[in-house]
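Undergrad: no sequence for this one, just the structure:
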Ligand code: NAP
């Protein structure tokens with residue numbers, strides 16, 4: 001397509017991080033170092049990598065990170081106790097519980113235990129409700145990243161038909177609500193949706209949040225659609241079949257280098273926002 005834009009997540013991410021540098025410096029002058037606590041339960045290697053990446057990203061910006069690694073056998077009660085302690089700890093501004101947790105743990109109860117002021121990953125139902133009403137402070141990071149990319153490239157949302165494929169509580173549902181709040185007409189699809197390609201063909205904006213590699217096909221796209229691929233599957237593969245979707249789209253995020261890097265930056269931004277709130281109090 002003519003004037004096609006490859007939406008550069010690395011660039012958007014860098015700009016977000018650059019904007020945080022003076023804010024972190026100012027906080028430190030005021031005696032506050034933003035701090036993100038990450039909780040990893042068990043030994044899942046990809047989760048370990050994600051947590052390490054988040055810790056490294058904090059360190060590069062001078063944000064403290066506190067890594068808590070609990071054993072595979074941790075009970076819900078033990079995890080809740082850890083979260084409650086972090087809620088009480090005034091040096092901690094954000095709490096991230098790495099998903100998934102081992103099956104014996106009530107993951108929803110654990111997410112709900114995170115205090116709303118420290119829910120920088122947007123996982124609590126209260127945070128989701130606030131995002132839906134349009135005044136949430138910390139929406140889930142991947143939906144926030146998608147909106148950040150849209151804004152960075154000045155892509156039009158109002159009045160557009162956005163089709164979101166996926167309805168998970170951290171991705172599909174909140175991004176649907178955020179697009180609705182921006183006056184898009186939103187269709188949210190899921191595994192029971194019938195005639196998915198036909199629905200996608202009506203979309204001006206497509207958000208892929210399915211968790212299936214190369215799932216969205218180019219012949220499902222309307223000419224000129226904007227494609228935002230939140231998918232991140234084994235082998236750095238998105239949910240969108242990039243090769244076939246590229247020629248049809250007016251703007252598209254690659255994987256890797258699209259939504260992923262911006263997601264981490266939004267987590268850092270929310271942690272800094274939260275630290276600033278404590279200074280205001
Ligand atoms: P999830 O909880 O597994 O949800 C997947 C969603 O896709 C569900 O709502 C499911 O429908 C729907 N779905 C499954 N098969 C479908 C089909 N054949 N047709 C239509 N919809 C279908 O996944 P998630 O946590 O939202 O993650 C989605 C993707 O985003 C994954 O690739 C994940 O790795 C990626 N992700 C990326 C980031 C990032 O930073 N870039 C962050 C989080 C997640 P039902 O509800 O009916 O089951």
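TA: Looks like it came in fine. Since the structure is predicted, the reported quantities are computational estimates derived from the model, not experimental observations. Residues are numbered from 1 along each chain as shown.

Undergrad: going by C-alpha atoms from here, please, whenever you check contacts or count neighbours.
TA: Will do.

Undergrad: the strands in the stretch 151-281 of the chain, which residues?
TA: Here the stretch 151-281 of the chain has its strands, by DSSP state E, counting those that start in this stretch, at 161-165, 185-189, 205-208, 225-229, 249-252.

Undergrad: the first one near the ligand anywhere?
TA: Yes - judged by Cα under 6 Å from any ligand atom, strand 161-165 and the ligand are in contact via residue 165.

Undergrad: and stretch 197-216, how far out from the chain middle?
TA: 18 Å (Cα atoms, centre = their mean, to the nearest Å).

Undergrad: ignore the last one, stretch 245-261
TA: 16 Å.

Undergrad: now that stretch: buried residues?
TA: 245-261 (16 or more other Cα atoms under 10 Å).

Undergrad: those also near the ligand: which ones?
TA: 259-260.

Undergrad: circling back to that earlier point, any chance of the strands of the stretch 151-281 of the chain in TSV, plus mean pLDDT?
TA: TSV is the format used below for the strands of the stretch 151-281 of the chain (pLDDT from 0 to 100):
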stretch	mean pLDDT
strand 161-165	99
strand 185-189	98
strand 205-208	98
strand 225-229	98
strand 249-252	98
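
Undergrad: present those strands as a markdown table; the columns should include distance to residue 137.
TA: A markdown table is the format used below for these (distance: least, Cα to Cα, whole Å):
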| stretch | distance to residue 137 |
| --- | --- |
| strand 161-165 | 22 |
| strand 185-189 | 22 |
| strand 205-208 | 22 |
| strand 225-229 | 23 |
| strand 249-252 | 27 |
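
Undergrad: and this protein, which residues reach the ligand?
TA: Counting by Cα under 6 Å from any ligand atom, the chain sits next to the ligand at 142, 165-168, 171-172, 189-192, 209-211, 230-233, 259-260, 263.

Undergrad: separate out the buried members of those.
TA: Buried among those by 16+ other Cα under 10 Å: 142, 165-167, 171-172, 189, 209-211, 230-232, 259-260, 263.

Undergrad: in helices, which of the residues you listed appear?
TA: Judged by DSSP state H, those include 142, 172, 259-260, 263 as members of helices.

Undergrad: which residues of the stretch 101-250 of the chain fall in helices?
TA: 107-113, 125-133, 141-152, 172-181, 196-200, 242-245 (DSSP state H, counting those that start in this stretch).

Undergrad: residue 34: which of those helices is closest?
TA: helix 141-152 (17.3 Å; Cα to Cα).

Undergrad: distance-wise, check the closest residue to residue 245 other than its chain neighbours relative to the ligand.
TA: Sequence neighbours aside, residue 218 is the residue nearest to residue 245 in space, at 3.9 Å (criterion: Cα to Cα, 6 or more residues apart in numbering). Per Cα to the nearest ligand atom, to the nearest Å, residue 218 is found 15 Å from the ligand.
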